[in-house]
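quick one, structure for this:
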Amino acid sequence: MRIGDILVPAVVTLILLAGVYRGVDIVREFSEGAKESLTTVIDILPSLILLMTAVGMFSASGAVDIIANVLSPVTSFLGFPRECVSLALIRPVSGSGALCTLEDILSRVSPDSFTGRVASVLMGSTETTFYTISVYFASIRRKAYPIVFAGACFADICGFVLSAMIVRLIM
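Numbers count the residues shown, from 1 in each chain. Here you go, the predicted model:
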């Protein structure tokens with residue numbers, strides 16, 4: 001038996017007991033929390049639909065391959081595998097799109113190859129930043145500042161370049 005098998009039910013039980021001890025109407029509080037969550041989902045749903053549609057169109061149009069070809073001189077200079085450029089372009093926008101791209105890369109090259117390892121490290125060490133920014137700012141009903149996007153892009157680029165450098169050091 002793992003600790004998580006006991007810990008999660010124990011924490012939930014402690015929260016329920018604390019609520020009963022303090023005289024909180026647990027059902028009402030749960031219902032209000034669920035209602036607030038549904039309101040948040042309704043607020044961010046248009047942004048999510050737009051984002052998923054744009055990613056699908058971007059991938060299907062072949063724009064990823066065109067951009068990868070344009071960036072190949074820079075990426076080859078940095079030692080970044082050409083096969084991973086499409087993953088680097090999709091990852092900040094869509095986690096599921098990036099997962100499909102990773103699967104495609106790993107079906108073409110060995111997972112133990114340099115390219116396979118860079119793709120795996122890149123996938124594990126970067127975030128779907130634009131998706132995350134859109135969801136967070138939509139949930140607080142504010143417009144994202146340009147500096148947020150600049151910082152996110154810088155962090156992504158660092159993650160892409162460092163993924164290749166770290167794999168090269170470890171291999």
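
got a list of what the most centrally placed residue in the chain touches?
Centroid-nearest residue in the chain, with CA atoms, centre = their mean: Thr128, separated by 2.9 Å. Shown in contact with Thr128 (CB atoms under 8 Å, 6 or more residues apart in numbering): Arg91, Pro92, Val93, Ser94, Gly95, Ala98. For the C-beta atoms, the positions are set from N, CA and C on the backbone; glycine is no exception.

with Ile105 instead?
Glu83, Cys84, Ser86, Leu87, Thr115, Gly116, Ala119.

hmm, 10 Å instead?
81, 83-84, 86-87, 111, 113, 115-116, 118-120, 122-123 (CB atoms under 10 Å, 6 or more residues apart in numbering).

which element is it on?
helix 95-108 (DSSP states H and E).

next one: that helix to chain centre, how far?
13 Å (CA atoms, centre = their mean, to the nearest Å).

could you give the mean pLDDT of that helix?
The average pLDDT within helix 95-108 is 86.

in that helix, which residues are buried?
Gly95, Gly97, Ala98, Thr101, Leu102, Ile105, Leu106 (16 or more other CB atoms under 10 Å).

and the following helix or strand past it with helix 95-108, angle?
Where DSSP H and E defines the elements, the next helix or strand beyond helix 95-108 is helix 114-125. Relative orientation of helix 114-125 and helix 95-108, computed by axes from the mean of the first three to the mean of the last three CA atoms, to 10 degrees: 160 degrees.

report the buried residues of the longest helix that the chain contains.
Assignment by DSSP state H gives helix 26-60 as the longest helix of the chain. Across helix 26-60, burial judged by 16+ other CB under 10 Å covers Ile44, Leu51, Val55, Phe58, Ser59.

likewise for stretch 155-164?
Asp156, Gly159, Phe160, Val161, Ser163, Ala164.

tell me the mean pLDDT over that stretch?
The pLDDT scores in stretch 155-164 average 91.

what does that stretch rub up against?
Outside stretch 155-164, the residues that reach it (CB under 10 Å, 6+ apart) are 75, 78-81, 84-85, 87-89, 91-92, 114-115, 117-130.

in PyMOL, select just the buried ones from the residues you listed.
Selection of buried members from the contacts of stretch 155-164 for PyMOL, criterion 16+ other CB under 10 Å:
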select buried, resi 75+80+81+84+85+87+88+89+91+92+114+115+117+118+119+120+121+122+123+126+128+129+130
